[in-house]
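*Asks:* Structure for this input, please:
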Amino acid sequence: MDHPGRVQLQTSLKPTAVSLPFDVLSKIFFDCLPDRRFPRASCREAPLLLCRVCSDWRRVALASHRLWAKLSVMKNYGTILTNPSSAIVEWISRAGKCALSFQFDSARFSADEWIEVITSILPYRERWGHIAGRLSGEQWRLVYSAISEGAPLLQYIYISLFAKRRMGLDHPEIRLSATPILRNLTLRPHHRILGLEACNRSLQHLSVCVQSLNECWSYLIHCPNVEVFRLKGGRLAREPICMGSGVLERRRMVTLELAVPFAGPLLDQLHLPVLKSLCFGSGEAGSVVSSFLLRHRPPLVSFTLSDSANNFLSDDLFDCLRLCPALTTLVVGERTRLDNADIVQLKLGLQGGENICPRLEEIGIGCVHGNVSYLEDMVVSRWKGADKAVPSTTLKGMNSTQSYQWERNLRKISLGICYFRELEYIGNNSSAFTERRRIAKCIEEGLDIIVDKGQCT
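*Replies:* Predicted coordinates:
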């Protein structure tokens, strides 16, 4: 039995949050901020919540300027922005001299309130580091003007306009000549970009809408260090590209997304030696992509066919897959229909050299026409079981040696529109596939299967 005095001494020696050094407690507070978004002006979450615990925590929180460097401006989720402009100015004052980041996440303010919100941050444009949101054209005009006057710390711009509030701002103009360290630029809808040469070497992520392939080519020419390039253009006219001579190489580009009617002229003139992710959403034939892959053999690990790829046949798909042995993610849109023969090609077997994309971890199939048993066999052939060291109980008819003579990495499969012949009289039944005995066992062992409810018949 402990002596009462010893118990009292031990209790008094226990460290408390108040006794922690300022730097340690400040770091703990910083780790309390949301991981995937900016803090909100809400008393239910950090940093405002930390100020309500006790006077010592409030003192540390107010002196920790990094806690207040980012703000998500919205009018819900318990936020206290009854007077948004004054609240934002107070928030900024607590950020010291830190670069400022803002997200505009809600349309619940009135038009006048939004103007007040934007106006309240304009005097601090030289400290802007991140500006993102979805506003009306009139509201964004104020931001465009401020950026053109100078935003030397700005690294991230994400601009989206409300479709119903563009009011003649179909092709807004944004001038970037005073943003020398801009790294990420996303603009929706189409914008006229001026002064790109000021930040062309710092830009790493470029996501834009274009009106012509020549406009797209201009971005590629002037941004030599771009790593992620996303391109959207719904009404492009087929035209020759004024590209000069030779093939354009972009040695840092790892992600390319094409959502344009005609992508062939671009792919014919691009060399992307480290490309890892390709999303194709063009109306051209799939041979455009297979030819590109055959010429350059980029180390793709992710390949997506969007629903806009309406002329991409399954034969084209497998021509591409045979050129991508290291693929870990495959998503096939609903315009590319896979039948039994296609599903069989995706099935893994003992002849390892004939297996297509054996490293696939995630598979998404938008449209299947065939027998549910074929799809079941394919999934089972790629599932490793609950433990790699122990053969899965789903591998019926195989002994331990046979079942692990090929690589298995499947973790997730997503299904869209499925027409299963055996189930034609059942009607819509999203559980028809997941309730198959071997598939149910895979799910029990940890396989993640997502079936679009109402799409499986």
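
*Asks:* Tell me where this protein is predicted with low confidence.
*Replies:* 1-18, 76-82, 106-107, 163-170, 237-241, 243-245, 352, 387-405, 423-431, 453-457 (pLDDT under 70).

*Asks:* Quick check: longest helix in it by residues?
*Replies:* With secondary structure taken from DSSP state H, the chain has its longest helix at helix 137-149.

*Asks:* Can I get that helix in CSV? Just the C-alpha atoms.
*Replies:* Below are the C-alpha coordinates for helix 137-149, written out as CSV (Å, rounded to 0.1, in the frame of the first residue of the first chain):
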residue,chain,number,x,y,z
GLY,A,137,-17.8,36.3,-62.3
GLU,A,138,-18.3,39.6,-60.6
GLN,A,139,-16.7,38.4,-57.4
TRP,A,140,-13.8,36.8,-59.2
ARG,A,141,-13.1,40.1,-61.1
LEU,A,142,-12.0,41.6,-57.8
VAL,A,143,-9.5,38.7,-57.3
TYR,A,144,-8.3,38.9,-60.9
SER,A,145,-7.5,42.6,-60.5
ALA,A,146,-5.6,42.1,-57.2
ILE,A,147,-3.5,39.2,-58.7
SER,A,148,-2.6,41.4,-61.7
GLU,A,149,-1.4,44.1,-59.3
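
*Asks:* Name the residues of that helix that come out as buried.
*Replies:* Within helix 137-149, the residues scored as buried using 16 or more other C-beta atoms under 10 Å are 137, 139-140, 142-144, 146-148. Where you see a C-beta, it was placed from the backbone N, CA and C, and this is true even at glycine.

*Asks:* repeat for stretch 284-295
*Replies:* Result for stretch 284-295 [16+ other C-beta under 10 Å]: buried residues 284, 286-293.

*Asks:* where's the helix or strand harbouring residue 133 relative to the chain centroid, distance-wise?
*Replies:* In this structure, residue 133 sits in strand 128-135 according to DSSP states H and E. Distance, stretch centre to chain centre, for strand 128-135: 17 Å (C-alpha atoms, centre = their mean, to the nearest Å).

*Asks:* now swap in stretch 258-273 and tell me
*Replies:* With C-alpha atoms, centre = their mean, you get 21 Å for stretch 258-273.

*Asks:* now the strands for the stretch 251-400 of the chain?
*Replies:* 255-259, 270-271, 277-280, 302-305, 329-332, 362-370 (DSSP state E, counting those that start in this stretch).

*Asks:* Let's have those strands in TSV, adding mean neighbour count and distance to residue 35.
*Replies:* Formatted as TSV, the strands of the stretch 251-400 of the chain follow (neighbours: other C-beta atoms under 10 Å; distance: least, C-beta to C-beta, whole Å):
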stretch	mean neighbour count	distance to residue 35
strand 255-259	21	22
strand 270-271	19	35
strand 277-280	21	23
strand 302-305	22	23
strand 329-332	21	23
strand 362-370	20	22
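
*Asks:* now these as a markdown table including distance to residue 204?
*Replies:* A markdown table is the format used below for the strands of the stretch 251-400 of the chain (distance: least, C-beta to C-beta, whole Å):
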| stretch | distance to residue 204 |
| --- | --- |
| strand 255-259 | 10 |
| strand 270-271 | 17 |
| strand 277-280 | 14 |
| strand 302-305 | 18 |
| strand 329-332 | 22 |
| strand 362-370 | 25 |
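
*Asks:* Ok, which of these comes nearest residue 44?
*Replies:* strand 362-370 (34.7 Å; C-beta to C-beta).

*Asks:* That closest one packs against which elements?
*Replies:* strand 329-332, helix 340-346, strand 412-420 (3 or more C-beta pairs under 8 Å, 6 or more residues apart in numbering; DSSP states H and E).

*Asks:* Tell me which of the ones you listed approaches residue 224 most closely.
*Replies:* strand 329-332 (27.5 Å).

*Asks:* that older thread, what lines up beside the strand holding residue 133 in the sheet?
*Replies:* strand 100-104 (parallel), strand 156-161 (parallel) (DSSP bridges).

*Asks:* taking the ones you listed together, which one is wrapped up most tightly?
*Replies:* Highest mean neighbour count of these: strand 100-104, a mean of 23 (counted as mean count of other C-beta atoms under 10 Å).

*Asks:* just the angle between that one and helix 137-149, please?
*Replies:* 160 degrees (axes from the mean of the first three to the mean of the last three C-alpha atoms, to 10 degrees).

*Asks:* For strand 100-104, give me every contacting residue.
*Replies:* 37-38, 69-74, 92, 114, 117, 121, 124, 127-135, 156 (C-beta atoms under 8 Å, 6 or more residues apart in numbering).
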